[in-house]
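>>> okay, predicted coordinates and the sequence, questions at the end:
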Amino acid sequence: MKHVLTIAGSDCSGGAGVQADLKTMSAHRCFAMSVITAITAQNTQAVNDVLDIPPAMIEAQIDAIFTDIRVDAVKIGMVSVSDSIRAIAGKLRQYTPPFVVVDPVMVSKSGYDLLRPEAASALKELLLPLATIVTPNVPEAEKLAGMSIRSEDDIKEAAQRIYALGAKQVLIKGGHSDGQPTDWLFDGQKFTAFPGKRIDTPNTHGTGCTLSSAIASNLALGHPVEQAVELAKQYIQTAIEHSIPLGHGHGPVNHFYEYYGGEC
Ligand SMILES: Nc1ncnc2c1ncn2[C@@H]1O[C@H](COP(=O)(O)OP(=O)(O)O)[C@@H](O)[C@H]1O
Ligand SMILES: Cc1ncc(COP(=O)(O)OP(=O)(O)O)c(N)n1
């Protein structure tokens, strides 16, 4: 069995963050582990509060796992403060897991800043150079690349700028674009498009967390990056198609469909 670790924030409503990651990794039949970076009080409508875990406690969680258990891939999600980013980067340099997927979480669907403005440069300088693949959505890619994105040419220019920050591969996701949700992968040489079919639903809470965790699981399972992205794209497409009308805002995507081969 492969062992996959998420380093991310907790979403008590279960749609995004660590909870989405653990469900995704389990659905891929990987053994899922978590290092909690922050506790959020959120639901399908809003993020009401965030408590950041002290960096020393983040380090202690990482040490507890790596000193005892083989880790086949790591996914990094919400890390809101630069001291925590620095702590995580230091530990990953120490333990050198084979694959690191960085989802540069910045703003929740409900509009809450999950990355403090002061921490953006630490994310760029410390986490991106460790990334096997970084998976920004369009607003995140705009911030990382320092440019606005309005066209396919802009996506390609932004991907090249983000690649120059040190990530080995860059996947710019198309969920926030107009039209069909095509994701673009850049490996330093070529661009590969991963087309999707847009599902007209408000229930897309946790799509980015799910996609990055599926990529991490697929890398742990031995798939090369391009195939890991292709399979993850199929996973998120099905999970959105069967998403759950839970709560009064953006409901979560559905992991049970793929786990049990049917609705829960
Ligand atoms: N309505 C939708 N229908 C189909 N795929 C979608 C939809 N919204 C997002 N996706 C896909 O979900 C994944 C996450 O993308 P995105 O929503 O852009 O990320 P984030 O959750 O980080 O903002 C991408 O593969 C994207 O193409
Ligand atoms: C704790 C936590 N982490 C990440 C997010 C953002 O998740 P994402 O998959 O990008 O989904 P949306 O916020 O776009 O629904 C989060 N909300 N909480």
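Arrived safely. Numbers count the residues shown, from 1 in each chain. Ligands and ions are numbered 1, 2, ... in the order given.

>>> surely R93 touches P129?
No. The pair R93 / P129 is not scored as a contact, 9.6 Å apart, by Cβ atoms under 8 Å. Heads up, the C-betas are built off the backbone N, CA and C, glycines and all.

>>> pick out whichever of those two has more residues nearby.
Neighbours were counted for R93 and for P129 using other Cβ atoms under 10 Å; P129 has more, 15 against 11.

>>> wait, is the more buried one part of a strand?
No. Applying DSSP: H, G, I helix; E, B strand; the rest coil, one finds P129 to be helix, outside a strand.

>>> pull the contacting residues for it.
P129 sits next to L165, G166, A167 when contact means Cβ atoms under 8 Å, 6 or more residues apart in numbering.

>>> between these, which has the most around it?
A167 (27 neighbours).

>>> make sure that one is indeed in a strand.
No. Counting by three-state DSSP, A167 is not part of a strand but coil.

>>> JSON lines please, covering the contacts of P129 and showing pLDDT and distance to ligand 1.
Converted to JSON lines, the contacts of P129 look like this (pLDDT from 0 to 100; distance: Cβ to the nearest ligand atom, whole Å):
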{"residue": "L165", "pLDDT": "98", "distance to ligand 1": "18"}
{"residue": "G166", "pLDDT": "98", "distance to ligand 1": "20"}
{"residue": "A167", "pLDDT": "98", "distance to ligand 1": "16"}
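
>>> for the protein, what lies in contact range of ligand 2?
Residues of the chain that fall close to ligand 2, judged by Cβ under 6 Å from any ligand atom: 8-9, 11, 16-17, 40, 77-78, 105, 108-109, 114, 205-209, 250.

>>> for whichever residue of the stretch 151-264 of the chain sits closest to ligand 2, give its distance to V81.
Nearest residue of the stretch 151-264 of the chain to ligand 2: G208, at 3.2 Å (Cβ to the nearest ligand atom). Distance, G208 to V81, using Cβ to Cβ, to the nearest Å: 20 Å.

>>> who's more crowded, those two?
Set G208 next to V81 and count neighbours by other Cβ under 10 Å: G208 wins out with 25 against 20.

>>> elements contacting the helix or strand hosting that one?
Taking DSSP states H and E as the definition, G208 sits inside helix 207-220. On a contact count with 3 or more Cβ pairs under 8 Å, 6 or more residues apart in numbering; DSSP states H and E, helix 207-220 meets strand 3-11, helix 17-27, strand 73-76, strand 100-102, helix 225-241.

>>> what angle sits between it and helix 225-241?
140 degrees (axes from the mean of the first three to the mean of the last three Cα atoms, to 10 degrees).

>>> quick one: I162 and V170 touch, right?
Yes. Assessed by Cβ under 8 Å, I162 is found in contact with V170 at 4.7 Å.

>>> touching both of those two, which residues are there?
By Cβ under 8 Å, 6+ apart, I162 and V170 have these common neighbours: V134, P136.

>>> more crowded one of the two?
Ranked by neighbour count (other Cβ under 10 Å), I162 and V170 place V170 first, with 29 against 26.

>>> need the contact list for that one.
By Cβ under 8 Å, 6+ apart, V170 lies in contact with I133, V134, P136, A159, I162, Y163, L185, F186.

>>> who wins for neighbours among those?
Among the contacts of V170, V134 has more neighbours than the rest - 31 neighbours, counting by other Cβ under 10 Å.

>>> phi, psi for that one please.
Backbone geometry at V134, expressed as degrees, to the nearest 10, gives phi -120, psi 140.

>>> which residues does it contact?
By Cβ under 8 Å, 6+ apart, the contact set of V134 is V101, V102, D103, P104, L128, L144, I162, A167, Q169, V170, L171.

>>> quick check, nearest of these to L221?
Nearest to L221, judged by Cβ to Cβ, of the contacts of V134 is V101 at 13.1 Å.

>>> what's around the closest one, how many residues?
With other Cβ under 10 Å as criterion, V101 counts 31.

>>> tell me what the residue nearest to C12 when sequence neighbours are not counted is bridged to.
Leaving out its chain neighbours, the residue that sits closest to C12 by Cβ to Cβ, 6 or more residues apart in numbering is A41, at 6.2 Å. Applying DSSP bridges to A41 yields these beta-bridge partners: D49.
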